[in-house]
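Visitor: The sequence and its predicted three-dimensional model are supplied below.
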Amino acid sequence: MRLPILQTERTTLRVPERKDVPKICKYYLQNRQFLAPYEPVRSEKFYTKKYWNDRVKQSRDEFYADIACRFFIYAKTDNEPIIGAINFTMIERGPSDSCRLGYGLSREYEGKGYMSEALQAGIHFVFETLNIHRIDACYMPKNVRSGRLLERLGFEVIGLARDYLFIDGQWEDHLLTCLLNPKWHGAT
């Protein structure tokens, strides 16, 4: 399968290429403080071109191995800046036929419908092309905006996980949600 390029009205989603590394670094550096309360503590190397050159190759390898699909979101504006990321990881085939969703968006684009638009395209790809049966997503209860987004997309809350992820230097509870593929057509 070729690497996917997904188009929406205002965004393009694609697995990154080496030429994207400067834009990736810029996105994470510009949003470092904004994203920190929702992500693991990042080492300084996370923000370097060397790290992202290796990570881009790993992302492509993971896609071809059918274990992850990591998209960056590019705005359809001048110079197509990276405005966010959507990751479908931990793809598991067999009885589970599921994956885990994670996402983040630039502060500048928050509250304007970009993430909803991009996630709809990503979910459609994962359900229709990859034929995944279930997408799991989690969010911290204090992240009300993320909870509302998942609810609008049809995710159902299925439980609370205590001390689920180590985020911004501390263990955080998370609400667990899932979305089932109504068109799943059997194991591939």
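Guide: Everything's here; your move. For clarity, every value in this text was computed on a predicted model and none was experimentally measured.

Visitor: which residues of the chain score low on pLDDT?
Guide: For the chain, applying pLDDT under 70 flags the ranges 187-188.

Visitor: rerun that using 80 as the cut-off
Guide: Applying pLDDT under 80 to the chain picks out residues 1, 187-188.

Visitor: and residue 150, how many neighbours does it have?
Guide: For residue 150, the count of nearby residues is 24 (other Cβ atoms under 10 Å). Using the backbone N, CA and C atoms, a C-beta is placed for each residue, glycine as well.

Visitor: begin at 789 from here
Guide: From this message on, residue numbering opens at 789, which makes the last subject residue 938.

Visitor: what helix or strand is it on?
Guide: helix 932-940 (DSSP states H and E).

Visitor: next structured bit after that helix?
Guide: Where DSSP H and E defines the elements, the next helix or strand beyond helix 932-940 is strand 944-955.

Visitor: when you compare where that following strand runs with where helix 932-940 runs, what's the angle?
Guide: 150 degrees (axes from the mean of the first three to the mean of the last three Cα atoms, to 10 degrees).

Visitor: Identify the residues contacting strand 944-955?
Guide: Residues outside strand 944-955 that contact it (Cβ atoms under 8 Å, 6 or more residues apart in numbering): 825-829, 926, 928-929, 959-967.

Visitor: Quick one: residues contacting the residue nearest to the spatial centre of the chain.
Guide: For the chain, residue 874 is the residue whose C-alpha lies nearest the centre (Cα atoms, centre = their mean; 2.1 Å). Contacts for residue 874 (Cβ under 8 Å, 6+ apart) come out as 801, 858-859, 861, 889-891, 906-907, 910.

Visitor: Take those and keep only those in strands.
Guide: Those of the contacts of residue 874 mapping onto strands are 801, 858-859, 861, 889-891, per DSSP state E.

Visitor: Out of the residues you listed, grab the one that's most surrounded.
Guide: Sorting the ones in strands among the contacts of residue 874 by how many neighbours each has (other Cβ under 10 Å) puts residue 861 first, at 30 neighbours.

Visitor: show me the contacts for that one.
Guide: Contacts for residue 861 (Cβ under 8 Å, 6+ apart) come out as 799-801, 870-874, 893, 902-903, 906.

Visitor: From the residues you listed, which land in helices?
Guide: 902-903, 906 (DSSP state H).

Visitor: Output the helix or strand encompassing residue 813 as PDB, nothing but the C-alphas.
Guide: Using DSSP H and E, residue 813 sits in helix 809-818. Presented in PDB, the C-alpha positions along helix 809-818 are these (Å, rounded to 0.1, in the frame of the first residue of the first chain):
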ATOM      1  CA  VAL A 809      11.500  17.800   9.400                       C
ATOM      2  CA  PRO A 810      12.100  21.600   9.600                       C
ATOM      3  CA  LYS A 811       8.300  22.200   9.700                       C
ATOM      4  CA  ILE A 812       7.800  19.400  12.300                       C
ATOM      5  CA  CYS A 813      10.500  21.000  14.600                       C
ATOM      6  CA  LYS A 814       8.900  24.400  14.100                       C
ATOM      7  CA  TYR A 815       5.400  23.100  15.000                       C
ATOM      8  CA  TYR A 816       6.700  21.400  18.200                       C
ATOM      9  CA  LEU A 817       8.900  24.300  19.300                       C
ATOM     10  CA  GLN A 818       6.100  26.900  18.700                       C
END
